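> structure, please.
(chains A and B)
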Number of protein chains: 2
Amino acid sequence: MRAASEGPELGDAFGRALSDLHAGRPDAIIIERDDGFIEVDSGDYLGGWSDRDAWVLERAPGRVLDVGAGGGRASLVLQERGQDVVALDVSPGAVEVCRRRGLKQVFLGTVADLAASGTEPFDSALMLGNNLGLLGSPERAPDLLAALGAVLRPGGVIVGGCIDPYQTEKPAHLAYHQRNRRIGRMPGQVTIRVRYQRLATNWFDLLWMSLTELGQIAAPAGWRVTSALPGAEYRAVLART
Amino acid sequence: MRAASEGPELGDAFGRALSDLHAGRPDAIIIERDDGFIEVDSGDYLGGWSDRDAWVLERAPGRVLDVGAGGGRASLVLQERGQDVVALDVSPGAVEVCRRRGLKQVFLGTVADLAASGTEPFDSALMLGNNLGLLGSPERAPDLLAALGAVLRPGGVIVGGCIDPYQTEKPAHLAYHQRNRRIGRMPGQVTIRVRYQRLATNWFDLLWMSLTELGQIAAPAGWRVTSALPGAEYRAVLART
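Below is the predicted model of the structure:
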């Protein structure tokens, strides 16, 4: 009775979603975890601004690299304030939306790609929208921290937000933490993909860390947390030790 | 880097969703189609009522079988009006929610199960919430229509709603129709599963038909459309020919 399942098509699910959203055709962005847990992404990618995000922006001075810029909501605010901003994302659709929304400087690729391409040094790396999770895993975090170090001037800072994985009571999340411990991963390392209509991204890892864990991950690369707004979705500033 | 994917757990995803919703812990119900298309189910399972649904209820006289009762929103209205109602669903969680919400008569199983169990004849079979789609496929529709015929008294009616698959411009849906035609299925036959948090139902088929196609599917089983409210989500009354 059932046709052979073809499954989702591999592609820029996130970028397509942003592009549709920007064009006034919003549809649900869905996050699928590798244990089958599925949820709707409630991120407000084009606008919306909290006091806690404002706290972060105030701590992102000078020339700013917006890492994982998405729809460019943070970059646009900074650009309007007269700051020199580069909106970076690995999603072609996201970068295109940033451009269409008026961002003057965009970069399609990773921070390592940007470092390799040669760039003027930045004063701040901005990782809002829980983008500190892009550190990915204890194994991969040093590479991203090194790339950030390469594009930031010596006194530069990393400012952003992250989910504290321990501030949940959801049984599915607690079970995932347990599974992670069993297989030797940090409890908050999640393997997910973005799904949008027929598209799915590749699976990728995000690393949800408590503030303490963030400090532990950052220290070997020469970074430390200098100030923070605690909470289930905390905000933090990192400076070189 | 990635742990072996375990995927979703097979279970009563829909019933768990309704149960959480009833308990004041709503979370997104997600529908996944076998071509990878994914969307949020916007159904209002506990309440919410449109004029078009009211039109259907007015045409469901006497003793009513609510087929695919879900959270029991239709059954509750009819029971409050003093009608004799049986809320039927294959989801244990849905049936439990119906019971907790005060429905006096519930049945866990299919219409064929109910027919086999012996029941007083019904005056109306109610298939709101696009539940005429439960006809499933041209191959399976005769079985459900026969089971409905077995539990309805001779003058009984089938009243409900269905999606007209042709009233869309979504490229992903039009491509799915084309794929269906290519493999010999009706354009509007969709193979889907419900996903909720870590749970997924089995894959099952729904049949979205134009009003004309509904008439063609129903005719061999001895039913005809006697009145309808046209539209992308139409409502219809079927009576025996």
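
> which residues touch the closest residue to A:Ile217 other than its chain neighbours?
Leaving aside its sequence neighbours, A:Ile217 sits nearest to A:Ala141 (Cβ to Cβ, 6 or more residues apart in numbering or on different chains; 5.0 Å). No exception for glycine: its C-beta is placed from N, CA and C like everyone else's. Counting by Cβ atoms under 8 Å, 6 or more residues apart in numbering or on different chains, A:Ala141 makes contact with A:Leu135, A:Leu207, A:Ile217, A:Ala218, A:Ala221.

> do A:Val56 as well
Here A:Val56 is in contact with A:Leu126, A:Leu128, A:Val159, A:Gly160, A:Gly161, A:Arg235, A:Val237 (criterion: Cβ under 8 Å, 6+ apart).

> can you tell me the SS state at it?
Using DSSP: H, G, I helix; E, B strand; the rest coil, the structure places A:Val56 in helix.

> next one: A:Leu207 from chain B, what distance?
11 Å (Cβ to the nearest Cβ, to the nearest Å).

> how many neighbouring residues does that residue have?
Burial measure for A:Leu207: 26 neighbouring residues, criterion other Cβ atoms under 10 Å in any protein chain shown.

> A:Leu144 and A:Pro138 touch, don't they?
No. A:Leu144 is beyond contact range of A:Pro138, at 11.6 Å (criterion: Cβ atoms under 8 Å).

> who's more crowded, those two?
A:Leu144 (22 against 16).

> so that one is in which element?
helix A:141-151 (DSSP states H and E).

> hmm, back to that, which pair in the contacts of A:Val56 spans the largest distance?
Pairwise distances across these (Cβ to Cβ) peak at 12.2 Å, for the pair A:Leu128 and A:Val237.

> these two: which is more packed in?
Neighbours per residue (other Cβ under 10 Å) separate A:Leu128 from A:Val237, with A:Leu128 holding more: 24 against 19.

> which residues does the more buried one contact?
For A:Leu128, counting by Cβ under 8 Å, 6+ apart, the contacting residues are A:Asp53, A:Val56, A:Asp66, A:Ala74, A:Gly160, A:Gly161.

> thinking again about what came up before, buried among the contacts of A:Ala141? Make that a PyMOL selection.
Listed next is the PyMOL selection for buried residues among the contacts of A:Ala141, using 16 or more other Cβ atoms under 10 Å in any protein chain shown:
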select buried, chain A and resi 135+207+217+218+221
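
> need the residues of chain A near chain B, please.
A:1-3, A:5-9, A:27-28, A:30, A:34-40, A:137, A:139-140, A:172, A:179-180, A:183, A:185, A:191, A:195-200, A:203, A:205 (Cβ under 8 Å from any Cβ of the partner chain).

> now the element after the strand or helix carrying A:Ala172, going C-ward?
Assigned by DSSP H and E, A:Ala172 belongs to helix A:171-182. Downstream of helix A:171-182, the first helix or strand assigned by DSSP H and E is strand A:189-196.

> just checking, A:Arg100 touches A:His22?
Yes. With contact defined as Cβ under 8 Å, A:Arg100 reaches A:His22; the gap is 6.5 Å.

> so which of these two has more stuff around it?
Legend: neighbour count by other Cβ under 10 Å for A:Arg100 and A:His22, higher for A:His22 (20 against 13).

> where's that one relative to A:Gly129, distance?
16 Å (Cβ to Cβ, to the nearest Å).

> can you check A:Ala221 too?
If you measure A:Ala221 against A:Gly129 using Cβ to Cβ, the figure is 22 Å.

> now swap in A:Gly47 and tell me
Taken as Cβ to Cβ, the span from A:Gly47 to A:Gly129 is 12 Å.

> more neighbours: these two, which one.
A:Gly129 (24 against 9).

> what sits against that one?
A:Gly129 sits next to A:Gly43, A:Gly68, A:Gly70, A:Ala74, A:Gly161 when contact means Cβ under 8 Å, 6+ apart.

> same check on A:Glu213?
A:Met186, A:Gly188.

> now A:Val111
Counting by Cβ under 8 Å, 6+ apart, A:Val111 makes contact with A:Leu65, A:Val67, A:Leu88, A:Ala125, A:Leu144, A:Ala147, A:Leu148, A:Val151.

> try it again at 7 Å.
Shown in contact with A:Val111 (Cβ atoms under 7 Å, 6 or more residues apart in numbering or on different chains): A:Val67, A:Leu88, A:Leu144, A:Ala147, A:Leu148, A:Val151.

> any idea which of these is closest to chain B?
Among the contacts of A:Val111, A:Leu144 lies closest to chain B (Cβ to the nearest Cβ), at 13.7 Å.

> hang on, A:Leu57 packs against A:Leu76?
No. With contact defined as Cβ atoms under 7 Å, A:Leu57 and A:Leu76 do not form a contacting pair (11.2 Å).

> so what sits against both of these two?
With Cβ under 7 Å, 6+ apart, A:Leu57 and A:Leu76 have no common neighbours.

> which residues in chain A form helices?
Applying DSSP state H to chain A gives helices spanning A:13-22, A:51-58, A:73-80, A:92-100, A:111-117, A:141-151, A:171-182, A:211-218.

> quick one: those helices as JSON lines, columns for mean pLDDT too.
What follows is the helices of chain A, written out as JSON lines (pLDDT from 0 to 100):
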{"stretch": "helix A:13-22", "mean pLDDT": "97"}
{"stretch": "helix A:51-58", "mean pLDDT": "95"}
{"stretch": "helix A:73-80", "mean pLDDT": "97"}
{"stretch": "helix A:92-100", "mean pLDDT": "98"}
{"stretch": "helix A:111-117", "mean pLDDT": "97"}
{"stretch": "helix A:141-151", "mean pLDDT": "98"}
{"stretch": "helix A:171-182", "mean pLDDT": "97"}
{"stretch": "helix A:211-218", "mean pLDDT": "98"}
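
> partner residues bridging A:Phe122?
A:Phe122 forms beta bridges with A:Leu152, as assigned by DSSP bridges.

> list the contacts for it?
A:Arg63, A:Val64, A:Leu65, A:Val151, A:Leu152, A:Arg153, A:Gly156.

> in stretch A:60-78, what's buried?
In stretch A:60-78, counting by 16+ other Cβ under 10 Å, buried: A:60, A:63-78.

> what about that stretch, start to end distance?
9 Å (Cα to Cα, to the nearest Å).

> likewise stretch A:24-43?
16 Å.

> what average pLDDT does that stretch get?
Taken as a whole, stretch A:24-43 has an average pLDDT of 95.
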